[in-house]
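1. My questions concern the predicted model and sequence given below.
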Amino acid sequence: MNTTNPTFSRSHGFLPTELPGLDALTELALDLRWSWNHAADTLWQQLDAELWDRTHNPWVVLQTASREVLEQRLADPAFRAQMAALLTQKQQATDRPKWFQEEHPAAALTCVAYFSMEFMLSEALPIYVGGLGNVAGDQLKSASDLGVPVVAVGLLYQQGYFRQEIDRQGVQQALFPYNDPGQLPITPLRLPNGEWLRLQISLSGFPVWLRIWQAQVGDVLLYLLDSNDPANLPVHRGVTTELYGGGMEQRIQQEIILGIGGWKVLRAMSIRPEVCHLNEGHAAFVVLERARTLMLETGLSFEAALAATRPGNLFTTHTAVAAGFDHFSPALMNQFLGDYARQELGIDLDTLLALGRQRPTDPTESFNMAFLAIRGCGAVNAVSQLHGQVSRQLFSGLFPRWPVEEVPIGHVTNGVHIPSWDSEAADEVWTTACGKERWRGDLTALAQHIGQVPDAPLWQLRTSCRQALVAYTRARLARQFTVAGQPPELLAIAAKVLDANVLTLGFARRFVPYKRPDLLLHDPARFIRLLTNHKQPVQLVLAGKAPPFDESGKALIQQWMQFISQHNLYQYVVFLSDYDMLMAEHLVQGVDVWLNTPRRPWEACGTSGMKVLANGGLNLSELDGWWAEAYTPEVGWALGDGQEHGDDPAWDAAEADALYTLLETQVVPEFYARDAHGIPTRWVERMRRSMATLTPPFSANRTVREYTESYYLPAATRYAQRVAAKGAAGAAISTRHQAVGREWAALGFGEVQTQAVAGGYLFQVPIRLGALTPAQVMVELYATGLPGENTLRILLQPPADRSADGHYHYQALVTTTRPAGDFTARILPAYEGIAVPLEDQHICWQH
């Protein structure tokens, strides 16, 4: 036996680092590029196939392997050749010219700091719950592919989100295993002198140390903060224990760590981002700390520093209901941020609270993190076209007297990182048709190329993916039944569930009432007939977690488990427990049809259905979120009438009937209608259209490029202008904003004169501006858009001077066929290049 003591690895843990080649293995294991480039999978399988299958965590596999195994593999020429090839590929991926550098070589943008409460990068790093983390993780991976200069900030949770088991009664049980940082693919963030970077912040007057970790996501770095430092009090060590767990006191501390602590990490690393991207409102406290930094550097007031830094902040909202935003009581805000406001920002608590309230002076209103994000950012976007409409309505209270369509919220529809979700078989089809580099740049030609793939390889893709899902489901269900202590007869059934030749539906998401996971159970007898039709059977794979304290969600899971058991439908319906990223990969790769049944408009975007696209899967979904803009009859099937019906039981019943009918009359017959070669040609044509027309625009490649060109680059330019000359523009805006606010009540209109002229009207609009000047305002004629037409906004020209009657007489010649009465004059603030109404909500309408 070799008893040589292993050398301590500077990352963490003990590895025999003196072994030649181990440093290369370590480099590969700690770069999460392996989560979307599966070329290295066989490498880790050779070290420990069973452990790799259970964890898909190269870092665990590497640390667990014995010295003897490592020596044997590293002495194997084939193993070393594969390892060398992977390192070469890794280096080439870093060195090759990328989209951002080629398209924007002279950009003012050098760094985007991306803040998120969760990141879904791999099941080996369980710091995610679902959709929000999925978006964050996929955007980091695409930023790496495209060369967009992004650094990310999040939290490292000791337990993360709960793990799920289903007991013998079909009841969800929540487990909270400890995440040993030494077994996660992360490393302590060390300074050049080798010291582990630790930072101190204050929580409720107590000093709290934060440890900083680093995850390598291709060419993007993710910094993770945790409070589990031995120097901290026990109560503070547990702040970062659980994702979305505990009460509001734990949540506000987590969000202080994310926003304020996260910015301090960037400063400690001498990282100066032009843009901070807030993925939801959890990180909104960063706008305060960023302003404080500029205050220290320039001597500006907080108001001026916020005005200067604001254009460099972007807020992405993912929430479709007001209850989804984090709210903190005034008492909690005072406990944790009162001293910070007074001592660090130089403002009183009421001034801080006003930033998070719809009614700034209402002492009973709680502090809304989304409101702070809006008031601290230079741009706001929703995550789908429909969600943009919902969000403008949701936040309209912050912009009183403004038309809802002018509430300043745009949209960038989410997309998924295709290499993370496509199967090996799908990758082969796409590579043959479109090339290996297809997701790393422009996507224009992909639709044409994939649209030329013949029927046979497309149907073979579907068949092989379905076969793989059946094999995975059987193995996973057998383990699930064993853990639950199910009787031997059920264990025997697990090995036979599903049929690789049967139409396979998939439904996997959080089990909460608004997602209506029980819609298929509305008429059990009809659903059973659909499943068990001996000529054209259907099978369904389900997965999903209910929030651990949501009894209604847990009841929905139990309802499915009882339905399967009572009707002995194990062959046709399988509920897989402990839904995670690895299971999601198997499901989206293997199902023929992905079901999604939320109540419109509560699905902000929804990305799970996007993941089936590259794999040839089809969508049958409510016209909500992304599907509302993606659906056409040629690419899938739709539920709903495009309207909102709340939680009306009668509408749920009608949609359940519509779902059954779609399956019975369209989906199932089309799948089983085969030609002489056994290929369902209409089905394959729908697959082809879906793959070609939907996969590229709903990829994270498109999303990240859109963020870069529509938000990051303009934000970087505006930020540079605002902070130049020690934030002089911010100071000017702050001063002007106060002056405009003092004078706004004095603004008004004289009698508007309208004269009919050829083709339209001449409008003459007398304006009272008080002490303001025409250079500080903008006067418009406004007309609500007719059906199918845009709103009209016509700028009026200012006069050279004020007239003797004290008015400024504005005028405009308007060419229109609409009545003059459709047009209303209004006055808007317009000074120092501000964004209106985001930075100044004043508006004065003609009476």
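-> Perfect, thanks for sending it. Numbers count the residues shown, from 1 in each chain.

2. where in the chain is pLDDT low?
-> When residues are selected by pLDDT under 70, those of the chain lie in 1-14.

3. Could you check how far the residue positioned nearest the centre of it is from Glu274?
-> With distances taken as CA atoms, centre = their mean, the residue of the chain nearest its centroid is Val135 (3.0 Å). Separation of Val135 from Glu274 (CB to CB, to the nearest Å) stands at 22 Å. Glycine gets a C-beta too; all of them are placed from N, C-alpha and C.

4. With Glu255 instead?
-> Counting by CB to CB - Glu255 and Glu274 are separated by 23 Å.

5. just Tyr782 next, same as before
-> In terms of CB to CB, Tyr782 sits 34 Å off from Glu274.

6. Show me the contact partners of stretch 739-748.
-> The contact list for stretch 739-748 (CB atoms under 8 Å, 6 or more residues apart in numbering) reads 767-772, 776-777, 827, 829, 831, 840, 842, 844.

7. Pull that stretch out as CSV, backbone CA atoms only.
-> C-alpha atoms of stretch 739-748 as CSV (Å, rounded to 0.1, in the frame of the first residue of the first chain):
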residue,chain,number,x,y,z
ALA,A,739,-36.4,72.6,-9.0
VAL,A,740,-38.8,71.0,-11.4
GLY,A,741,-40.7,69.4,-8.6
ARG,A,742,-41.0,72.7,-6.8
GLU,A,743,-42.4,74.5,-9.9
TRP,A,744,-44.6,71.7,-11.4
ALA,A,745,-47.8,72.8,-9.6
ALA,A,746,-47.5,76.2,-11.4
LEU,A,747,-47.7,74.6,-14.8
GLY,A,748,-50.9,74.9,-16.8
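
8. List the buried residues of that stretch.
-> 740, 743-744, 747 (16 or more other CB atoms under 10 Å).

9. Among those, which are located in helices?
-> Applying DSSP state H to these, the entries found in helices are 740, 743.

10. what's the closest of the buried residues of stretch 739-748 to Ala425?
-> When those are compared for distance to Ala425 (CB to CB), Val740 wins out at 61.8 Å.

11. residues contacting Ala108?
-> Contacts of Ala108 by CB under 8 Å, 6+ apart are 274, 713, 716-717, 720.

12. As a markdown table, those residues with distance to Asn193 and neighbour count would be great.
-> Output for these, formatted as a markdown table (distance: CB to CB, whole Å; neighbours: other CB atoms under 10 Å):
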| residue | distance to Asn193 | neighbour count |
| --- | --- | --- |
| Glu274 | 29 | 23 |
| Leu713 | 36 | 18 |
| Ala716 | 32 | 22 |
| Thr717 | 37 | 16 |
| Ala720 | 33 | 14 |
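
13. can you name the two of those residues that are farthest apart?
-> Pairwise distances across the contacts of Ala108 (CB to CB) peak at 11.2 Å, for the pair Leu713 and Ala720.

14. And the longest strand along the chain, what does it pack against?
-> In the chain, ranked by residue count with DSSP state E as the criterion, the top strand is strand 206-217. Contacts defined by 3 or more CB pairs under 8 Å, 6 or more residues apart in numbering; DSSP states H and E place strand 206-217 against helix 131-146, strand 187-188, strand 198-203, strand 220-226.

15. Which other helices and strands does the shortest one contact?
-> What it means is strand 187-188. Packed next to strand 187-188, using 3+ CB pairs under 8 Å, 6+ apart, are strand 206-217.

16. same thing with the first one?
-> Packed against helix 131-146, as judged by 3+ CB pairs under 8 Å, 6+ apart, are the following elements: strand 112-116, strand 150-155, strand 206-217, strand 220-226, strand 275-279, helix 418-421, helix 700-707.
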